[in-house]
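[1] pasting the sequence and the predicted coordinates here, then a few questions.
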Amino acid sequence: MADAYVPPEPSKMAIPPVESPFVKEFLSSSELDDATKQQALFYAENGYLVIDLELPDFDEMCERMIRDLDEHYPKVDVGRRIDEAWYYNDDVRKLAAAPKVLDVLQLLYQRPAFPFQTLNFDVGTEQPAHSDTIHFHCMPRRYMVGVWAPLEDVDAQCGTLFVVPGSHKLPDYDMSELGLLASSDSYRSYEDLVRRILDVCGLKSQIVELKRGQAVIWSANLFHGGSPRLDPKRTRHSQATHYYFEDCMYYMPMESDTFGGSICYREAIDIGTGRMMPQTYRGAPLELAKQKKVFRYPRPLPQWVTGVPRSLKDRIIG
Ligand SMILES: O=C(O)CCC(=O)C(=O)O
């Protein structure tokens, strides 16, 4: 006799609970308090959430970061930013690993999150709308978020961040779906298409005005960017940190032809602990050292980074 049919269990799906069609079901059966459930529902609907960071001595920390990072900004007018300042700046690392952020992400995604990448800015980027899933993604999908924390109060005048509420529900397009080559040369066309997609879907951007000490979390596929700098004399000191969740495989969509079988995997270091994170695909370990194409962090890594496979230590890949 055939085994009795066992109906599938939505909580076992490889979709973050807060991004799942069953989000209301998950929340009603969870033990979260009502205020947290409301926040989770807001995030599920809109794709972003403003939180208080609750970091001690944050004013002093921000002033120190602004001062110490100054010499590291490239001397260019457009696209000025510092990649991976956590290599040498402890405050950047501390902000990236803020316990409150990790707690909220655990509540929303029901998995441990870890910061793997930072960007610091001294002025607004005026960057057109984009989804981070075009830059770095993972399998299962959408286990990635961005968190943006201003180091000073920010508003429309300084070109604060904007988000496009609800846009996270669009497909997480890759370059081939958009009819483009998977290459950074296609990025301008990607931005043009995104603008037209958001327009035709009637999705409107909204600026995020924040006080120092607050941060905005956005989901993997939420479209966002930098609003125009209405007062070009204003600074906009800020840090964007990107987070992955454990037990995933991490990769670089713009360097990959996923269905053509060419995937550019990426290293993922937990900036908080300094551990090179293990990766899995459908529960089985994924060995980066055996992959053809791997995006690596710039070498040399800080000495406190651990768990780097020997074969990855001196190989130039990607
Ligand atoms: O800071 C900004 O204006 C944009 C940041 C951003 O798009 C990102 O970090 O993904």
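    Cool, got the structure.
[2] quick one, what contacts the nearest residue to residue 43 once chain neighbours are set aside?
    The spatially closest residue to residue 43, leaving aside those adjacent along the chain, is residue 49, at 4.5 Å (CB to CB, 6 or more residues apart in numbering). The C-beta positions use only the backbone N, C-alpha and C, and glycine is treated the same way. Counting by CB atoms under 8 Å, 6 or more residues apart in numbering, residue 49 touches 39, 42, 43, 104, 108, 216, 217.
[3] now, those residues that are in strands?
    Counting by DSSP state E, the part of those found in strands is 216, 217.
[4] out of the contacts of residue 49, which are buried?
    39, 43, 104, 108, 216, 217 (16 or more other CB atoms under 10 Å).
[5] widest-spaced pair of those?
    108 and 216 (13.5 Å; CB to CB).
[6] re the thing from before, from the buried ones among the contacts of residue 49, which are also near the ligand?
    By CB under 6 Å from any ligand atom, no member of the buried ones among the contacts of residue 49 lies near the ligand.
[7] closest to the ligand among the residues you listed?
    Nearest to the ligand among those is residue 216, at 10.4 Å by CB to the nearest ligand atom.
[8] can I get the contacts of residue 49 in TSV with pLDDT?
    Below are the contacts of residue 49 laid out as TSV (pLDDT from 0 to 100):
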residue	pLDDT
39	96
42	98
43	98
104	97
108	95
216	98
217	98
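[9] pull the most distant pair out of the contacts of residue 49.
    The span of those, defined through CB to CB, is set by 108 and 216 at 13.5 Å.
[10] where along the stretch 1-150 of the chain do the helices fall?
    Applying DSSP state H, counting those that start in this stretch to the stretch 1-150 of the chain gives helices spanning 23-29, 34-46, 58-69, 90-96, 99-109.
[11] measure how far the second one is from the centre of its chain, please.
    Centroid separation for helix 34-46 versus its chain: 19 Å, with CA atoms, centre = their mean, to the nearest Å.
[12] next: the first one.
    What separates the centre of helix 23-29 from the centre of its chain is 25 Å, taken as CA atoms, centre = their mean.
[13] mind checking how far residue 161 is from the ligand?
    5 Å (CB to the nearest ligand atom, to the nearest Å).
[14] number of nearby residues for that residue?
    Using other CB atoms under 10 Å as the criterion, residue 161 is surrounded by 27 other residues.
[15] low-confidence regions, the stretch 1-150 of the chain specifically.
    The model of the stretch 1-150 of the chain has pLDDT under 70 over residues 1.
[16] helix, strand or coil: sort out residue 239 for me.
    With DSSP: H, G, I helix; E, B strand; the rest coil as the basis, residue 239 sits in strand.
[17] residues of the stretch 201-318 of the chain that sit close to the ligand?
    Counting by CB under 6 Å from any ligand atom, the stretch 201-318 of the chain sits next to the ligand at 224, 225, 226, 238, 240.
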